[in-house]
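**Student:** Got a sequence here, can you model it:
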Amino acid sequence: MTPLVLIVDDDPDLGWSVDRIIRKAGYETRVASDGEAALAAFAESCPDVVISDLMMPGISGMELLDELRKRAPEVPVIILTSHGTIPSAVNAMRGGAFGYLTKPFEPDELLMWIERALRFTGVERENRLLRQEIGSRYGVENVVAESSRSKDLIETLRRVAKSRSTVLVQGESGVGKELVARLIHYWSDRVGHPFVAINCKSFADSVLESELFGHEKGSFTGALAARAGCFERASGGTLFLDEIGEISGEFQSKLLRVLQEGEVLRVGGNQPRKIDTRVVAATNRILREEVRSGRFREDLFFRLNVIPIVVPPLRERREDILPLARLFAVRTASQSGRRIALSAEAERELLAYGWPGNVRELENAIERAVVLARSDVIGPQDLFLDPPVADDPPPAPEIEPEGGTLQEYIDRAAAARLEEALKSAQGNRSEAARKLGIDRAKLYRLLARYKMGREP
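**Tutor:** As a prediction, this is how the structure comes out:
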């Protein structure tokens, strides 16, 4: 959308000249000859930038600025002034004007101020949307916590967020350990500073050291410039170290030194750098057992485990399942422009399922259902949940050793397994393929090979 500039000047010649310059640069304009007309045009057109003369009869430029600041403080106002009224322009700046231009001015100077103002409004808009997103996602009232265990966890996180202590978050894969770290950050006084997350398992030790501590130019092949690491980039904020239980013993000692000293030494550097970074670490391992087995340093464990947080699996907080599912459904549907709901049958199936992948699996299941559902109501058939695993799985069908070659024996076993899968899936070939762990194309080839059906 083309930016709109509102021009306010009681001098028709100057107003026409400014309008011509701005239109020639590709912007849309509205022109008002006094303060009252400017307020009416502002209410009607919602401009992106206002350019106003300071000295006008009736509503003065300063009074107009005050009123515009009340109505829309995010819209920048550029003041036009003569040499003799520069002190007044300075007062206008103190009153909230974005900047001022002294008459006469060059067209390029005017356009430069407009470009600055538009960049400012763009950043302000992004920041406003970000604050809204943070509030909608991480506000206490927007976090799903229906079960007693989740409510206890949220209450603990609110107290933990106020401290500066290191936190160790433990729990199964998919329970929401990063969400816990983000809640700690956004509920703390560090919220205005960076939240930096890194998965320690994703990097080799040599790369992880550079990622976390940074490096100097020329410290290794490819280090074409100096680069700050995650500890420095998160200074003043929070650093989330996911999969902390996967780092090697050698790197554990380097991390311990950083946590003890509160400073990092970049790879290839010789001058330590002070940091003010709160660390939240997470793992799906039981670190105490890792310490007992000698795979994790005890001193590092105690340094990380100042405040221990255990996130229970979803199966132990079943009251959260449906509220979470409904939240994921609304969020995914809104992103795809749909209005969709869960049927009572689908909700019963969600409650009956074991959720071995925890919240992550639930979110993926709902996203998949929203995308694949053929109507505005998600049914059990849209969820594609794995069937429950029995405590004692049924034995595989016995294959009589009728002699012949090994390949003939394997073919008989494969045909029997195909027949069993089709029967279990009530003839649904997609479901049978899923049970067998193969795609539909391979299932059709096997059916054709064993003459058990024809490809559709």
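
**Student:** Ala432 - that's part of a helix, no?
**Tutor:** Yes: when DSSP: H, G, I helix; E, B strand; the rest coil is applied, Ala432 is found to be in a helix.

**Student:** any idea how far it is from Asp411?
**Tutor:** The spacing between Ala432 and Asp411, counted by Cβ to Cβ, to the nearest Å, is 18 Å. Heads up, the C-betas are built off the backbone N, CA and C, glycines and all.

**Student:** Those two - which one has more neighbours?
**Tutor:** For Ala432 versus Asp411, neighbours defined as other Cβ atoms under 10 Å are more numerous around Ala432 (22 against 15).

**Student:** these two touch, right, that one and Leu443?
**Tutor:** Yes: using Cβ atoms under 8 Å, Ala432 is in contact with Leu443, at 6.4 Å.

**Student:** any residues in contact with both of the two?
**Tutor:** Leu418 (Cβ atoms under 8 Å, 6 or more residues apart in numbering).

**Student:** how many neighbours does Arg374 have?
**Tutor:** Residues contacting Arg374 under the criterion other Cβ under 10 Å number 9.

**Student:** again, but for Arg227
**Tutor:** Using other Cβ under 10 Å, Arg227 has 17 neighbouring residues.

**Student:** Next: Ala225.
**Tutor:** Using other Cβ under 10 Å, Ala225 is surrounded by 8 other residues.

**Student:** my guess is Tyr100 is in a strand, correct?
**Tutor:** Yes: assigned with three-state DSSP, Tyr100 falls within a strand.

**Student:** C-terminal to the lowest-mean-pLDDT helix or strand in the chain, what's the next element?
**Tutor:** Among the secondary structure pieces of the chain, namely its helices and strands, helix 107-138 has the lowest mean (mean pLDDT, DSSP states H and E), a mean of 70. Moving toward the C-terminus from helix 107-138, the next helix or strand (DSSP states H and E) is helix 148-161.

**Student:** Only the buried residues of that next one, if you could.
**Tutor:** Residues of helix 148-161 classed as buried by neighbour count (16 or more other Cβ atoms under 10 Å): Arg149, Ser150, Leu153, Ile154, Leu157, Val160, Ala161.

**Student:** And stretch 407-422, by the same measure?
**Tutor:** The neighbour-count criterion (16+ other Cβ under 10 Å) identifies Arg412, Ala415, Ala416, Arg417, Leu418, Glu420, Ala421, Leu422 as the buried residues of stretch 407-422.

**Student:** What distance do you get for the fourth one to Lys435?
**Tutor:** Here the criterion is Cβ to Cβ. By it, Arg417 lies 10 Å from Lys435.

**Student:** Could you pull up the mean pLDDT of stretch 422-442?
**Tutor:** If you average the pLDDT over stretch 422-442, you get 77.

**Student:** Could you list the buried residues of it?
**Tutor:** In terms of neighbour count (16+ other Cβ under 10 Å), stretch 422-442 has its buried residues at Leu422, Ala425, Arg429, Glu431, Ala432, Ala433, Arg434, Lys435, Leu436.

**Student:** Got the phi and psi for the first one?
**Tutor:** Meaning Leu422. Leu422 has phi and psi values of phi -60, psi -40 when expressed as degrees, to the nearest 10.

**Student:** mind checking how far the closest residue to it other than its chain neighbours is from Ile438?
**Tutor:** The shortest distance from Leu422 to any non-neighbouring residue, by Cβ to Cβ, 6 or more residues apart in numbering, is to Ala432 (4.9 Å). Between Ala432 and Ile438 the distance is 9 Å, computed by Cβ to Cβ.

**Student:** Output the contacting helices and strands for the host helix or strand of Glu361.
**Tutor:** With the criterion set as DSSP H and E, the secondary-structure element containing Glu361 is helix 358-372. When contacts are defined as 3 or more Cβ pairs under 8 Å, 6 or more residues apart in numbering; DSSP states H and E, helix 358-372 packs onto helix 321-335, helix 344-352, strand 377-378.

**Student:** To Tyr100, which of the ones you listed lies closest?
**Tutor:** Taking Cβ to Cβ as the measure, those were each checked against Tyr100, and helix 321-335 came out nearest at 43.0 Å.

**Student:** What is the subsequent helix or strand relative to the closest one?
**Tutor:** In the C-terminal direction, the helix or strand that comes right after helix 321-335 (DSSP H and E) is strand 341-342.

**Student:** neighbouring contacts of that following strand?
**Tutor:** Residues outside strand 341-342 that contact it (Cβ under 8 Å, 6+ apart) are Leu322, Ala325, Arg326, Ala329, Leu350, Asp376, Val377, Ile378.

**Student:** By neighbour count, which of the residues you listed wins?
**Tutor:** When neighbours are taken as other Cβ under 10 Å, the top entry among the contacts of strand 341-342 is Ile378 (27 neighbours).

**Student:** I figured that residue hits Val370, correct?
**Tutor:** Yes: taking Cβ under 8 Å as the contact criterion, Ile378 and Val370 are neighbours in contact, 7.0 Å apart.

**Student:** Next, show the common contact partners of those two.
**Tutor:** Counting by Cβ under 8 Å, 6+ apart, the residues touching both Ile378 and Val370 are Ala329, Ile340.

**Student:** Can you report how many residues neighbour Val279?
**Tutor:** Per other Cβ under 10 Å, the neighbour tally for Val279 reads 22.

**Student:** is it true that it lies in a strand?
**Tutor:** Yes: using three-state DSSP, the secondary structure at Val279 is a strand.

**Student:** Show me what counts as buried in stretch 317-335.
**Tutor:** The neighbour-count criterion (16+ other Cβ under 10 Å) identifies 317, 319-322, 324-329, 332-333 as the buried residues of stretch 317-335.
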